[in-house]
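Participant: with the sequence up front, the predicted model follows.
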Amino acid sequence: MLKLYQFERTWNIPNLSPFCCKIETYLRMADIDYEIVPVLPIGAPKGKLPYIEDNGRIIADSRFIVTYLKSSYTNLDEDLNDAELAISIAMQRLLEEHLFWAVLYSRWQYTDENWKINKKAIFGRLPPVIRDIVANRTRRKIQRQIYGHGTGRHQAEEIFALGKQDLDALSAALANKKYFLGDQPTTLDSSAFGLLINIIGCPIESPLKDYGLTKKNLSDYVNRVKHEFYQNL
Ligand SMILES: N[C@@H](CCC(=O)N[C@@H](CS)C(=O)NCC(=O)O)C(=O)O
């Protein structure tokens, strides 16, 4: 059976990683059997989660995993036309390559309180002697990445202002539809649900979360998808 390597479940959401949540959601939306292997990224093929193992193949990165799942199992996007596919790709990039950085900032840099919650969720099961060392080293690494990406050069209000623009765009794009591209879930929904539940459905407090919670169609969407695909959480 297909194995999904991802962070251990916590916070009463599918996964604290938007990308792990994306893949597990795709698997559920496409009704593909899988088993979860809870791990940390140390030792992952590309140093990041998620990755999968299936039929002797190891595939890392949610984008390559989705490509594999589409060709080997079920393509959730098969009924989309070219214009819808273009919107799907563009929105996934907004979610995963832009909004994601505001999420990362809020967890690893914004406040000490958020860092404590994040640290406990990710590193809490490590032996106490190495927990702080590994957690603090990883925190410094991620903060360097946030700075290298450019997000870390802005003030907190600026970072969250950019994130709020993304939430406005997502809310307008979803409007009153059931899923982002109509009545059926597609890859875009796996990505959007993964990011949105990690903003408005988790215990990391920030102006981004507060703003997301004012977008009723987004919070209804998150609750709907969670209820439909994760009844057993
Ligand atoms: N482009 C990758 C991003 C995956 C990613 O950034 N994973 C994060 C967790 S959200 C990770 O494992 N980070 C570990 C690290 O950078 O040390 C994908 O789509 O899978």
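Facilitator: Okay, I see it.

Participant: got a list of what L85 touches?
Facilitator: For L85, the residues meeting the contact criterion (Cβ atoms under 8 Å, 6 or more residues apart in numbering) are D77. No exception for glycine: its C-beta is placed from N, CA and C like everyone else's.

Participant: near the ligand, which residues of this protein?
Facilitator: Taking Cβ under 6 Å from any ligand atom as the measure of proximity, the chain contacts the ligand at 17-19, 41, 47-50, 61-63.

Participant: mind putting those residues in TSV, secondary structure included?
Facilitator: Written out in TSV, the entries for these read as follows (DSSP: H, G, I helix; E, B strand; the rest coil):
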residue	secondary structure
S17	coil
P18	helix
F19	helix
P41	coil
G47	coil
K48	coil
L49	coil
P50	coil
D61	coil
S62	helix
R63	helix
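
Participant: mark which of those residues are buried, thanks.
Facilitator: Buried members of these, counted by 16 or more other Cβ atoms under 10 Å: 17-19, 41, 49-50, 61-63.

Participant: what is whatever helix or strand N223 lives in packed up against?
Facilitator: Using DSSP states H and E, N223 maps to helix 216-229. For helix 216-229, the packing partners by 3 or more Cβ pairs under 8 Å, 6 or more residues apart in numbering; DSSP states H and E come out as helix 18-29, helix 156-174, helix 187-200, helix 207-214.

Participant: hey, which of those is tucked in deepest?
Facilitator: Highest mean neighbour count among these (mean count of other Cβ atoms under 10 Å): helix 187-200, with a mean of 27.

Participant: just the CA coordinates for it, please, in CSV.
Facilitator: This file holds the C-alpha atoms of helix 187-200, laid out as CSV (Å, rounded to 0.1, in the frame of the first residue of the first chain):
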residue,chain,number,x,y,z
THR,A,187,-6.1,19.4,-6.8
LEU,A,188,-6.5,23.1,-6.1
ASP,A,189,-8.8,22.2,-3.2
SER,A,190,-6.3,19.9,-1.7
SER,A,191,-3.8,22.7,-1.8
ALA,A,192,-6.2,25.4,-0.6
PHE,A,193,-7.5,23.3,2.2
GLY,A,194,-4.0,22.4,3.3
LEU,A,195,-3.0,26.1,3.6
LEU,A,196,-6.3,27.5,4.9
ILE,A,197,-6.8,25.0,7.8
ASN,A,198,-3.2,25.8,8.7
ILE,A,199,-4.1,29.5,9.0
ILE,A,200,-7.6,29.6,10.4
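
Participant: E96 is nearest to which of the helices and strands packed on helix 216-229?
Facilitator: When the helices and strands packed on helix 216-229 are compared by Cβ to Cβ, helix 187-200 sits nearest E96, at 6.3 Å.
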